[in-house]
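[1] Below are the sequence and a predicted model for it; my questions follow.
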Amino acid sequence: MAVPPAIPPSIPDADELIDAILAEKGPAVYKDGLSEDNWEEELEQIPLFMTKAPDPDTVAKSPGLSALQEIKYQEETPEGRATMLKEDGNEMFKRKKYKEAIELYTGALAERSQDTQLNAILYCNRAAAHYYIGNYRSSITDASQCKSIKPDHIKAYIKGAESTFKLGRYRETLEWCEDGIKVDPSSEKLSDLKKKATIEKKKHERDGRKQQQDEKRKRESDSKLIEAIKTRGIRLAPSSHQYRPIEDDGRLLELLVPQAPTGSVRFDDDNTSLVWPVLFLYPEYGTSDLIESFHEQSRFIDHIDLMFGEGEEVNWDSENKYKPHTIEVWYEDYSTGHYVNVPLESSLSDVINHSSKYVVICGSPAFFLIVTGSSFSKAFLSKKT
């Protein structure tokens, strides 16, 4: 008796099978997919779906973009590679990424294309990129290169004129404008720049003449001042320890300019006598006064009367003891280290002119004022008299 064939197990439907597998594994989320909230931005990061050209930093960080760029620039000819680099540079230029544009134009020029039209455009475009980041000298260099390759490239003349104008080189601006107008007489930009450069050139020349006149007057004034110092036999030094005869006029002039903001010696309104900035020092209180205009013929008592006369008070003199009849004036003879008394009836010129003892330090005569017979004055003078 024959054995009946075994009945094969029933084969489930495909959908049932998938449902069974999913039911067994449980729900799962695909982690590498695009997010619901930012899917458009994330899609923009995928090279094949980009709608805008990426900048060089983005390319450098993306292996996919780097690979695509390598493929893109695998042109057979230097002209082809230079053209692609130029186009990328133009894209960076439109996005105002001028430094990146300069790099791309430079890379295009490095291909050494034999296409003079292409090279002229590259130099002109790079000149424009340099201009917009303030590299005016580099812009002029590239504009000149463009002009030498293609003398009728009007944009080169415009960029050369704009860059020289920014540098205040107005004579050169006019040259660029005039040469460019010969190429394109209808260029409004060059005509406007020519007008502006003409105005600025005249103003610059006028200012230059005025500066030259001022400098000439200053030299004459300085020379007259130095001669007055020499004639009066006034000794100058940068410090109390550095006096020695000085013959150089330039060095003498330096010593007449105070290191502190006290002003400097000058001629009076009659242009005959000297007026000095003079320091009155009060060692007892560690303070001082600046007499900004001490005429060389003025007496010490004249200034002291004004400063300490009847009705005058100073906030640091709490005992009110500094009065015209109590004040003594002294200076230090740096050659001996002793203090020298100044009669109050003396004028400034009596003390500092043709003196073998007095030295003007740092452009300002200075004197010590103390009270006659005070305990401080005795102690102060006992050290150096």
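    Received the coordinates, thanks.
[2] Dihedrals phi and psi, the closest residue to Ala127 other than its chain neighbours?
    Take Ala127 and drop its neighbours on the chain: the residue closest to it by CB to CB, 6 or more residues apart in numbering is Asp142, 3.6 Å away. Using the backbone N, CA and C atoms, a C-beta is placed for each residue, glycine as well. Recorded main-chain torsions at Asp142 are phi -70, psi -40, according to degrees, to the nearest 10.
[3] contacting residues around Asp142?
    By CB atoms under 8 Å, 6 or more residues apart in numbering, Asp142 lies in contact with Tyr123, Cys124, Arg126, Ala127, His130, Lys159.
[4] Please repeat the previous calculation with a cut-off of 10 Å.
    102, 105, 109, 122-131, 135, 156, 159-160, 163 (CB atoms under 10 Å, 6 or more residues apart in numbering).
[5] In helices, which of those residues appear?
    102, 105, 109, 122-131, 156, 159-160, 163 (DSSP state H).
[6] re the thing from before, quick one, grab the pLDDT at the residue nearest to Ala127.
    Here the pLDDT value assigned to Asp142 is 97.
[7] Tell me how far Asn320 lies from Val278.
    Counting by CB to CB, to the nearest Å, the gap from Asn320 to Val278 is 24 Å.
[8] cool, and Ala366?
    Counting by CB to CB, the gap from Ala366 to Val278 is 7 Å.
[9] of the two, who's got more company?
    Val278 (23 against 18; other CB atoms under 10 Å).
[10] mind checking the SS state of the more buried one?
    Recorded secondary structure, Val278: strand (DSSP: H, G, I helix; E, B strand; the rest coil).
[11] How about it: what's its closest non-neighbour residue?
    The shortest distance from Val278 to any residue other than its chain neighbours is 4.0 Å, reached at Phe294 (CB to CB, 6+ apart).
[12] is it true that that neighbour lies in a helix?
    No. Secondary structure of Phe294 (three-state DSSP): strand, not part of a helix.
[13] need the strands for the protein, in chain order.
    236-237, 266-267, 274-282, 287-295, 327-333, 338-342, 360-361, 366-371 (DSSP state E).
[14] the inter-axis angle of the fourth one versus strand 274-282?
    I take that to be strand 287-295. 160 degrees (axes from the mean of the first three to the mean of the last three CA atoms, to 10 degrees).
[15] cool, the last one as well?
    Strand 366-371 and strand 274-282 meet at an angle of 40 degrees, taking the same axes, to 10 degrees as the criterion.
[16] List the pairing partners of strand 366-371 within its sheet, with orientation.
    Strand 366-371 sits in its sheet next to strand 274-282 (parallel), strand 327-333 (antiparallel), going by DSSP bridges.
[17] Quick test: name the residue nearest the centre of this protein.
    Taking CA atoms, centre = their mean, the centroid of the chain lies closest to Gly134, which sits 14.2 Å from it.
[18] Any stretches of this structure with poor pLDDT?
    1-76, 240-249, 257-262, 384-385 (pLDDT under 70).
[19] Having no further points to raise, I will conclude here.
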